[in-house]
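**Student:** quick check, what structure comes out for this input:
(2 chains)
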Amino acid sequence: MKLILTEEQQFLKDTAQSFARDKTPVTHFREIRDSENAQCWDEKVWKEMVELGWSGILVPEKFGGSEFGMAGISVIMQELGKTLTPSPILSTSVLGVSAINMLGSDEQKENYLPKIVAGELTTALAIDEGNHHDPFAIEATAVLDGDEWVLNGKKVFVVDGASADSILLVARTSGKSGESNGISVFVANKDSAGLDITKISTADSRNYANIEMSDLKLDQNALLGEQDLAGETLEKILDLGRIAISAEMLGNTEEAFEVTVNYLKERKQFGVQIGSFQALQHRAAKMFCEIELTKSAVIAAMHAADENSNELERLSSLAKFQAGETLHLVSNEAIQMHGGIGVTDEYDIGFYLKRARVAEQIFGTSEFHQARYADISGF
Amino acid sequence: MEHLEQFRQEARDWLEENCPPSMRTPLVPEEEVWGGRNAEYLNPESKLWLERMGNKGWTAPNLPKEYGGGGLDRDQTKVLHQELYRIKARPALNSFGIWMLAPCIIEFGSEEQKREHLPKIIKGEIRWCQGYSEPGSGSDLASLSTKAEDMGDHYLVNGQKVWTSYADKADWIFALVRTGPKEPKHNGISFLLIDMATEGVSTKPITLISGKSPFCETFFDNVKAPKENLVGVENSGWTIAKKLLQHERNFISNFGLAGGGTGSGADVVNIAKKYLGEANGQIANQAQRENITLHKMKEHAFGLTLQRSGDEGAKASAASSMFKYYGTEHNKDRYELMIAAMGNKGLGWTNEGFSDDEQAITKAWLRTKANSIEGGTSEVQLNVISRRVLDLPN
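**Tutor:** This next block holds a predicted model:
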């Protein structure tokens, strides 16, 4: 496994870089934040991403996708992360596609995947139920009643849940909370009776929802894959999501760092550029090192996913851990090194801090992944 | 690709025939080979192995054949290393001459110097040491004051070097000397080769906080060095010095990976399980388990970064500063975690109450403290990253 990009992946990265620079600079995010746009991303921008084929990067060719893999979508997310571009790419093109493709029947794939590729369908994965990510702590239930599934329970902090056309609901069909066995995944239309979706307002001004299922009735086709057996595959789907958001977080980090280093070269106090102070230089140099480590962890994880490596779990946790630690550090230092201007709303750098803390929570914090890495490694 | 596989087969056949049996057993420290005029070989097969590898040029596989090197390209060198690793061959020769000096002679030396010195370095006939630091010039190396006066056909050298590893065993020293006392400090330095057998050269070993060490002080008292031993142009030695420091940094940064470089190669997880005990197969103490996990994750990411740097094709000095900084700090951290996990067993000094392995870890812990000082301190590496990579102002 070589830790570099192929020509194809580099081309995708360059395309995404131009896209983010030209179509969605940070002012784009600011406009959406300050607007009445409840879904927190721009329909027109998403359509353009779809036209570039980004909705179908992970979709098999026979369903209209390009199969450019996790490396392909990760480099795109890295570039979008630099300008904080909001879009349903994580919830739909990574999580939705992977869940349907890895769990679904041929009929279900045929039904959903081409629509996702065409930009006609967005999805959200509803899994967490508590204040912290804990993928098997599922208490929501699904019970077969005649030829219908009946779902009850709640989901929180569902990424893009407030706008998704279809919600992928993780529910327990047997066993008890904490067990990997007995978990099943269902697809429900957002307008289904018994499905109550409430948008929540978060510091990063992105799209999240809490969801209540009260005797939500779904027909048998709504079950993705086999009853009780989704747990293991779900972990893999989450690992892909973790890698993708790690790439986005790497992009957040790179941009916040670059902006900060540039500021150190411009800002003068005591008659000199503040970047000449060693107290700041050494902190900047240490951040540089951590960012280099993050790049390596992310690229190793995305290639591992594409090569179906048995190191996927460890590398996914390493990537999310390292991306989280580094973004945490850099987002804090970026504010501090900017001084007073850094804590004003008028200046963009605060957006990176707010996005950082939310992204750190998604699919497990650094502490979550540290514990997971230790367990997998047998420490 | 095909010719590479052919080379692999040739290398395999040659090694099969020429690598003596005892050279395929784990290295014992006393049998480490450094070559030189006064080398002693506890195991006669070490000598044989050095002679064979040296004559083949494979002690320096990527150096040109005309100067005694192996003449192999990058890929072939990699294959040779894989084949050596496969049979668990001991290094035929450890050599500052190969690691540091030879690349500089290739780049800056005269044709005569290449023909005179490179074959002897590669065959291990002459052992070299490095004369850089001085008592008054550590991080500010360019302030060095060992002077070399132009006396017509030779330089007259007076002054003192410090931290000269194995100076008491070396045959020659490559030294930075001041030839232009009136020039700005970086522009008055020359790179001079001096035979340690010359009258007026003397050495004295240094004892470290970890005990005995290979480091020495080296004194020059009216030492005559022939002019032909100047490498490159007079007063332009700083350029060579910087290049050489890069080679040194790359070498030291490998310490950051478990098992590389100094010490026992002991794994911190195994040590922790042994001395803290296990609970359900896990390190029993949760706080230490968390600290160790953090350390291992950073190590994993650092290892991937070394790999990525190789895959991208080595880039210049900035990367070497990062690796030197991160690798050495990480290695210090590993030994702190290790002795913490060992508790009072991690603090032994002699064999009264402590096993050999335990003492070795304690000594190695103390030795790691020098890792982030030697070859440019961590602070200097951070300065280099700030200035050269991030382009921050002076």
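
**Student:** going by C-alpha atoms from here, please, whenever you check contacts or count neighbours.
**Tutor:** Fine.

**Student:** where does the residue most central in space within chain A land on pLDDT?
**Tutor:** What sits nearest the mean C-alpha location of chain A, by Cα atoms, centre = their mean, is A:Ile245, with 3.8 Å. With respect to pLDDT, A:Ile245 scores 98.

**Student:** three-state assignment of it?
**Tutor:** Following DSSP: H, G, I helix; E, B strand; the rest coil, we place A:Ile245 in the helix state.

**Student:** got the contact list for it?
**Tutor:** Neighbouring residues of A:Ile245 by Cα atoms under 8 Å, 6 or more residues apart in numbering or on different chains: A:Ser74, A:Met77, A:Leu90, A:Lys320, A:Ala359.

**Student:** quick check: residues of chain A near chain B?
**Tutor:** Within chain A, the residues that sit near chain B (Cα under 8 Å from any Cα of the partner chain) are A:2-4, A:261, A:264-265, A:273, A:275-276, A:278, A:281-282, A:284-286, A:289, A:292-297, A:300, A:318, A:322, A:370-371, A:373-374, A:378-379.

**Student:** now go through those and say which are in strands.
**Tutor:** If you go by DSSP state E, these have A:Gln273 in strands.

**Student:** tell me the buried residues within the residues of chain A next to chain B.
**Tutor:** The neighbour count (16 or more other Cα atoms under 10 Å in any protein chain shown) marks A:3-4, A:261, A:264-265, A:273, A:275-276, A:278, A:281-282, A:284-286, A:289, A:292-297, A:300, A:318, A:322, A:370-371, A:373-374, A:379 as buried among the residues of chain A next to chain B.

**Student:** wait, is B:Arg334 part of a strand?
**Tutor:** No: counting by three-state DSSP, B:Arg334 falls outside a strand, being helix.

**Student:** give me the contact list for stretch A:136-146.
**Tutor:** Here stretch A:136-146 makes contact (Cα under 8 Å, 6+ apart) with A:127-129, A:149-155, A:170-173, A:176-180, A:183, A:231.

**Student:** which of these count as buried?
**Tutor:** A:127-129, A:149-155, A:170-173, A:177, A:180, A:183, A:231.

**Student:** and the helices in the stretch 101-250 of chain A?
**Tutor:** For the stretch 101-250 of chain A, the helices defined by DSSP state H, counting those that start in this stretch cover A:106-117, A:231-266.

**Student:** where's the nearest residue to A:Ile291 once chain neighbours are set aside relative to A:Ala256, distance?
**Tutor:** Closest residue in space to A:Ile291, ignoring its immediate chain neighbours: A:Thr326 at 6.5 Å, by Cα to Cα, 6 or more residues apart in numbering or on different chains. A:Thr326 sits 11 Å away from A:Ala256 when distances are taken as Cα to Cα, to the nearest Å.

**Student:** B:His295 too?
**Tutor:** From B:His295 across to A:Ala256, the span is 26 Å (Cα to Cα).

**Student:** quick one: which of the two has more around it?
**Tutor:** Neighbours per residue, other Cα atoms under 10 Å in any protein chain shown: of B:His295 and A:Ala256, the larger number sits with A:Ala256, 26 against 17.

**Student:** my read: the more buried one touches A:Ala334, true?
**Tutor:** Yes: with contact defined as Cα atoms under 8 Å, A:Ala256 reaches A:Ala334; the gap is 6.5 Å.

**Student:** what is in contact with the two at once?
**Tutor:** Taking Cα under 8 Å, 6+ apart as the criterion, A:Ala256 and A:Ala334 both touch A:Ile349.

**Student:** ok, which stretches of chain B are strands?
**Tutor:** B:128-131, B:147-150, B:154-162, B:172-178, B:189-195, B:201-205, B:216-226, B:230-231, B:278-279, B:282-283.

**Student:** any stretches of chain B with poor pLDDT?
**Tutor:** For chain B, the stretches with pLDDT under 70 are B:1, B:249-265, B:314-318.

**Student:** what residues does it have near chain A?
**Tutor:** Close to chain A, as judged by Cα under 8 Å from any Cα, chain B has residues B:269, B:281-283, B:289-290, B:293-294, B:297, B:301-302, B:304-305, B:307-308, B:311-312, B:322, B:326, B:379, B:382-383, B:385-386, B:390, B:392-394.

**Student:** returning to what we had before: adding distance to B:Ala92, write the helices of the stretch 101-250 of chain A out as a markdown table.
**Tutor:** Formatted as a markdown table, the helices of the stretch 101-250 of chain A follow (distance: least, Cα to Cα, whole Å):
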| stretch | distance to B:Ala92 |
| --- | --- |
| helix A:106-117 | 59 |
| helix A:231-266 | 44 |
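
**Student:** out of those helices, which is the most enclosed?
**Tutor:** Burial of the helices of the stretch 101-250 of chain A is given as mean neighbour count (mean count of other Cα atoms under 10 Å in any protein chain shown); helix A:231-266 ranks first at a mean of 23.
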